[in-house]
Structures are given as structure tokens and as C-alpha cells.
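J.: Structure of the sequence below:
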Amino acid sequence: MKVILGLGNPGREYALTRHNVGWWVLDHLASEWDFSAWKHDGDALVASGLVGPVKTRLVKPQTYMNLSGAALRPYLRRPSWEPASDLLVVVDDVALPLGRFRIRPSGSSGGHNGLKSIEGVLQSRDYPRLRIGIEPADERRRSGSLSDFVLGTFGVEERACILERLPILTDAIALAVREGIGAAMNAFNARDEPC
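T.: Take a look at the predicted model:
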């Protein structure tokens with residue numbers, strides 16, 4: 001089973017924040033792929049279905065961001081499940097320009113608390129991730145602390161930029177599920193234009 005883990009914070013007050021872009025992507029995937037309704041499963045909300053012939057589960061941790069890795073513990077107990085080949089984490093990235101994205105097979109947390117939690121649970125950095133840029137073109141939009149910025153809401157044009165990216169992100173994730181992270185990197189990393 002492939003697991004696509006979207007990072008975000010639970011609660012209505014966080015739904016439209018920059019830090020919840022991973023959940024926006026998963027909600028779009030669940031709708032586009034006609035997956036099951038979201039249901040509670042341990043520390044997460046999950047929706048399941050098929051991407052081509054591949055059993056796939058979408059996972060939205062219901063802990064706060066810095067405890068996101070807890071949602072992966074049940075999968076680690078499955079004897080044939082391997083994070084390096086069966087997991088894709090979808091995450092916001094303040095170091096990438098708004099609307100750009102990068103698919104990588106491994107890497108550091110880059111200071112992201114959700115990724116730090118995942119590394120702690122997996123005891124490894126070897127898991128694929130799709131990083132989605134949230135850095136604004138206008139630096140004045142990023143005044144104040146980093147925490148305030150990522151927990152702030154997008155402006156109208158910024159939000160539209162992210163929403164416009166959802167179809168290409170869906171195609172990239174579907175390819176990663178069906179053919180592997182390398183195929184998705186080769187096909188899509190060169191197509192990530194900023195807004």
C-alpha cells in the first residue's frame with residue numbers, strides 16, 4: 001500500500017493557512033480520484049482507493065504539526081511497508097518561491113517541524129517528499145516571525161496560485177504512485193514555474 005501523508009494542523013482556524021497546503025493537496029486528490037470518505041484511523045484522517053492498480057491511502061495527521069510522524073507508526077508495523085518506496089510526504093516549504101514545487105527521494109527537514117517529527121519516527125531521512133513553495137514574491141508579505149508567517153493565511157492571488165497548481169501536482173503524485181519517485185522527478189521537476 002502506498003501512503004501519501006499531507007502535513008497540516010487540525011482545526012478550522014488553520015484550514016486556510018500556508019502550513020496546511022499539504023492538506024489542500026490531499027483533499028484535491030481524494031476528490032479527483034473518487035476515494036472513500038475521510039474517516040478517523042488512530043491519530044489521522046484517512047481516505048483510501050486505487051490509483052490505477054495501486055492501493056493508496058491518503059493520510060492527514062490529526063496531531064499538531066510537530067507530532068505529525070505519529071500517524072506513520074501503524075504502517076511501520078506492516079512487514080512489507082517501506083518508507084523509501086511506499087511513502088510520499090506533501091509539505092509546504094518557505095524556502096521555495098510561491099507555487100514552485102520539488103519532488104525528492106530524501107533530504108533534511110530544512111527546519112520544518114512536521115518533517116522533523118517524521119524523521120524521528122522513521123529514524124531516517126530516506127523517504128520521498130513533495131515540497132510546495134509558499135515564499136511570497138513580495139518580501140514585505142513575510143514580516144514578523146516565521147511561525148506567524150506559516151500560520152497566516154494566503155492573500156487572494158497567492159491562494160489562487162496554489163489552487164492553479166493542484167492539477168499538475170495531482171498528475172505528479174499519480175505518476176509517483178504508479179511508477180515511482182524517480183519517474184515523477186524526471187517528468188515534473190522541470191515543470192515547476194513560480195507564480
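
J.: Please count neighbours and contacts with C-alpha atoms only from this point.
T.: OK.

J.: the longest helix in the protein is where?
T.: As assigned by DSSP state H, the longest helix anywhere in the chain is helix 156-179.

J.: Return the distance of that one from the chain's centre.
T.: With C-alpha atoms, centre = their mean, to the nearest Å as the basis, helix 156-179 stands 11 Å off its chain's centre.

J.: helices or strands up against it?
T.: helix 21-32, strand 44-51, strand 54-61, helix 181-188 (3 or more C-alpha pairs under 8 Å, 6 or more residues apart in numbering; DSSP states H and E).

J.: Quick check, residue 128 in contact with residue 105.
T.: Yes. Counting by C-alpha atoms under 8 Å, residue 128 does reach residue 105; the two are 4.0 Å apart.

J.: Got the confidence number for the nearest residue to residue 23 once chain neighbours are set aside?
T.: Nearest non-adjacent residue to residue 23, counting by C-alpha to C-alpha, 6 or more residues apart in numbering: residue 6, 5.2 Å away. According to the prediction, residue 6 has pLDDT 98.

J.: just to revisit the earlier point, any idea of the angle the longest helix of the chain forms with strand 54-61?
T.: Per axes from the mean of the first three to the mean of the last three C-alpha atoms, to 10 degrees, the angle that helix 156-179 makes with strand 54-61 is 140 degrees.

J.: Need the mean per-residue confidence for helix 156-179.
T.: 95.

J.: Now the longest strand anywhere in the chain: buried residues?
T.: Across the chain, the longest stretch assigned as strand under DSSP state E is strand 87-97. Neighbour-count burial for strand 87-97 flags 87, 88, 89, 90, 91, 92, 93, 94, 96, 97 (criterion: 16 or more other C-alpha atoms under 10 Å).

J.: got a list of what the nearest residue to residue 187 once chain neighbours are set aside touches?
T.: Closest residue in space to residue 187, ignoring its immediate chain neighbours: residue 172 at 7.8 Å, by C-alpha to C-alpha, 6+ apart. With contact set as C-alpha atoms under 8 Å, 6 or more residues apart in numbering, residue 172 has these partners: 184, 187, 188.
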